[in-house]
Structures are given as structure tokens and as C-alpha cells.
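A.B. asks: predicted structure and sequence below. I'll ask about it afterward.
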Amino acid sequence: MVCPPGHYDVRYAINPWMTGHVGDATPDAQRQWERFIELTGCVADVEFVQLSQAEQTPDLVFTANAGLIVGNLAIVSSFRHAERRREQPVFRAALARAGFATTFLQQTYFEGAGDALFDRVRPILYAGYGWRTERGATLQLQEIVGCRVLPLLLADERFYHLDTALCPLASGHVMAYMDAFSPHAQTLLRRAIEPGYLIEVGVDDALRFACNALEIGDAVIMHDCSRRLRERLHAAGYRVFLTELSEFHKAGGSAKCLTLKLEDGPAAGMAVAT
Ligand code: ARG
């Protein structure tokens, strides 16, 4: 599910990326978005569900925050900031139209697939909390998803959504910018992911949103990445495609969070080779 940036702009500042960029987005956003979508359509056989954006919802382009998909169920986001709460009914209606049963978590902030990511092979849901989603949401998720939920405290405000710092891949590899996590969360990650499968991303790559990568088939699409990370991803069996998304970085988002995967849920628990 994607949303063309018809009314995308930085109109308020609810994360450190937006501070200093209010009013700064340029018409280039439209071109960058189109190229990104075209590239996505080229590397794999995908079908897009498109939303359309109204003026009062400039961040609606970040469809990862619509909700978390678990099979036929969509757990719709309950945004922390009033600025994004207007998106809730739009996302709920779009997900219902797409055929999902929709629900909300109770009395807690939860920002959907921006903060909750299924491991693609291990039966684990990584659940980030601290800046947007609350710890209470991660506990409620445990009741719903049918696999282990790993609550991960996010410690660096530049990485306010889990998908800015963690990217589980279908090969069993997980890209992570470890310093975005509290020491305890780092320990949990190192316990859950075998060392050979943890791809530790450096701060330069992380600040270029390398962890906010869209995996699709054997392709990984992102804004930019160092040679080192690219080689690491090649070794894991991926083709790496770069596409400029700088206009969206001004709002604090990149490739992955411009999309919501509509087929999602816990992995069956197939063991990764060690
Ligand atoms: N401006 C948006 C916000 O602060 C960006 C959201 C990016 N989404 C994400 N899943 N990383 O909420």
C-alpha cells in the first residue's frame, strides 16, 4: 500500500529530522516517489494499492504507519501526535477496503509497521517503543500475534521508529543500527539473532536511512549505502538498488516506510542455517 505525495510537505516537526525543514519539501518529492515506485515495480512482480492524500495529512505518504498486518487482520495505528491522528480514519478505511478486519490497541500509542516488524524466518515480532509506540502496546501485541514479541527500547531520537534502525530480511539476516537501541534491547537482539546473521550498520549508513530499506524478492531498495554494506548485502544474496529519497528524509522517512506490505504475519519458525 502506497500513497503518492500529492500533498506531501513538512508542515510540523514531530521528529528531529523535521526540525529545521518545515516548509522545505520541494516538487522533487513527486519525481523521487515515482522513480522509487517504478523501480519497485521493475525488480519484482508487485501490485500496488494506492491511497490519495488530502491536504491535512502531509505524512500520509508514510503508509508503514497505517497499521500492522497480521494475516487477515490490520491493527490500525493510534498515533502519538495529534498532527498524525487525522490519518487514522483514512488508513482504517483503506485497510477495510483492501479486505482486512480492522482493530485498534486499547489506550496506548502504537504506530503500526513503523514500530513492529516480523522476523522473516524466526517466530519473533520486533516491537520498538519509547518515542512513539508505548511499551504497553508491545504487551497487547503479544496477545494478538501468536509469536514471541521482543520489546525493544529505542534510545536515540533520530531513530524514533523501529524501521529506521532495524530491517529483518527473508534470508534470515537482520540489518541493525545497534546504537539506536538501549543496552538491554541490544542484548535481546544479540540473543535472538545468530552473530552471522546480524548485519551491523554503521552510523553513516544509518543516518542515510540504510535500515529503512525495502526488501522485495532478491532486491533491497534504499536511498544510499556504503560499499561495505552493499558488499555485505551481496554476500547475503541480495541485489542492492539505490534511489534518491532525500525529499522524504526531511520528514524523517525513506524507502521502507513509504510502503506497507499487505501480506504479513509471523514466520513459521523455519530454522536458519548456522
Ligand atoms: N514525519 C513522519 C513522522 O514523524 C515520518 C514517518 C516515517 N515513518 C516510519 N515508519 N519511519 O511520523
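C.D. replies: Arrived safely.

A.B. asks: quick check: P151 vs L162, distance?
C.D. replies: Distance, P151 to L162, by CB to CB, to the nearest Å: 10 Å. Quick note: C-beta positions are derived from backbone N, CA and C, even for glycine.

A.B. asks: an error on my part: the question was meant for V76.
C.D. replies: In terms of CB to CB, V76 sits 17 Å off from L162.

A.B. asks: tell me, what's touching P151 and L162 both at once?
C.D. replies: When contacts are counted by CB atoms under 8 Å, 6 or more residues apart in numbering, P151 and L162 have A127 as shared neighbours.

A.B. asks: show me the shaky parts of the chain.
C.D. replies: Where the chain drops to pLDDT under 70, the residues are 269-274.

A.B. asks: nearest residue to M18 in space, please, no chain neighbours.
C.D. replies: Spatial nearest neighbour of M18, chain neighbours left out: V10 (5.2 Å); criterion: CB to CB, 6 or more residues apart in numbering.

A.B. asks: okay, P151 and L162: which has more neighbours?
C.D. replies: L162 (27 against 21; other CB atoms under 10 Å).

A.B. asks: contacting residues for the nearest residue to the more buried one once chain neighbours are set aside?
C.D. replies: Of all residues beyond its chain neighbours, the one nearest L162 is G128 (2.8 Å), with distances taken as CB to CB, 6+ apart. G128 sits next to 115-116, 152-154, 161-163, 165-166 when contact means CB under 8 Å, 6+ apart.

A.B. asks: and after the host helix or strand of G128, which helix or strand comes next?
C.D. replies: Taking DSSP states H and E as the definition, G128 sits inside strand 124-129. Using DSSP H and E, the next helix or strand after strand 124-129 towards the C-terminus is helix 135-145.

A.B. asks: identify the residues contacting that next one?
C.D. replies: Helix 135-145 is contacted from outside by 68, 70, 73, 75, 78, 105-110, 115-116, 125, 127, 129, 149, 151, 153, 265-266, using CB under 8 Å, 6+ apart.

A.B. asks: quick one: buried ones out of the residues you listed?
C.D. replies: 68, 70, 73, 75, 78, 105, 108-110, 115-116, 125, 127, 129, 149, 151, 153, 265-266 (16 or more other CB atoms under 10 Å).

A.B. asks: surely the residue nearest to M18 and V61 touch.
C.D. replies: No - between V10 and V61 there is no contact under CB atoms under 8 Å: 11.4 Å.

A.B. asks: which one of the two is surrounded by more residues?
C.D. replies: V61 (25 against 22).

A.B. asks: which SS class is the more buried one?
C.D. replies: Secondary structure, DSSP: H, G, I helix; E, B strand; the rest coil: V61 is coil.

A.B. asks: check contacts around the closest residue to L188 other than its chain neighbours.
C.D. replies: Once flanking residues are discounted, L188 sits nearest to L150: 5.6 Å by CB to CB, 6+ apart. Taking CB under 8 Å, 6+ apart, we find L150 in contact with 124-127, 188-189, 192.

A.B. asks: same check, this time on Q186
C.D. replies: Taking CB under 8 Å, 6+ apart, one finds M178 in contact with Q186.

A.B. asks: any idea which element it lies in?
C.D. replies: Per DSSP H and E: Q186 is located in helix 183-192.

A.B. asks: how distant is that helix from the center of its chain?
C.D. replies: Distance, stretch centre to chain centre, for helix 183-192: 20 Å (CA atoms, centre = their mean, to the nearest Å).

A.B. asks: list the buried ones in it?
C.D. replies: Neighbour-count burial for helix 183-192, counted by 16+ other CB under 10 Å, picks out 185-186, 188-189, 192.

A.B. asks: from start to finish, how long is stretch 154-163 in a straight line?
C.D. replies: 11 Å (CA to CA, to the nearest Å).

A.B. asks: can you list the residues that contact that stretch?
C.D. replies: Stretch 154-163 is contacted by residues 15-17, 64-65, 111, 113-117, 126-133, 152, 164-165, 177, 179-182, 185, 206-207, 211-212, 252, 256-257 when judged by CB under 8 Å, 6+ apart.

A.B. asks: how about a cut-off of 7 Å?
C.D. replies: Residues from elsewhere that reach stretch 154-163, judged by CB atoms under 7 Å, 6 or more residues apart in numbering: 15-16, 64, 111, 114-115, 117, 126, 128-132, 152, 165, 177, 179-182, 212, 256-257.
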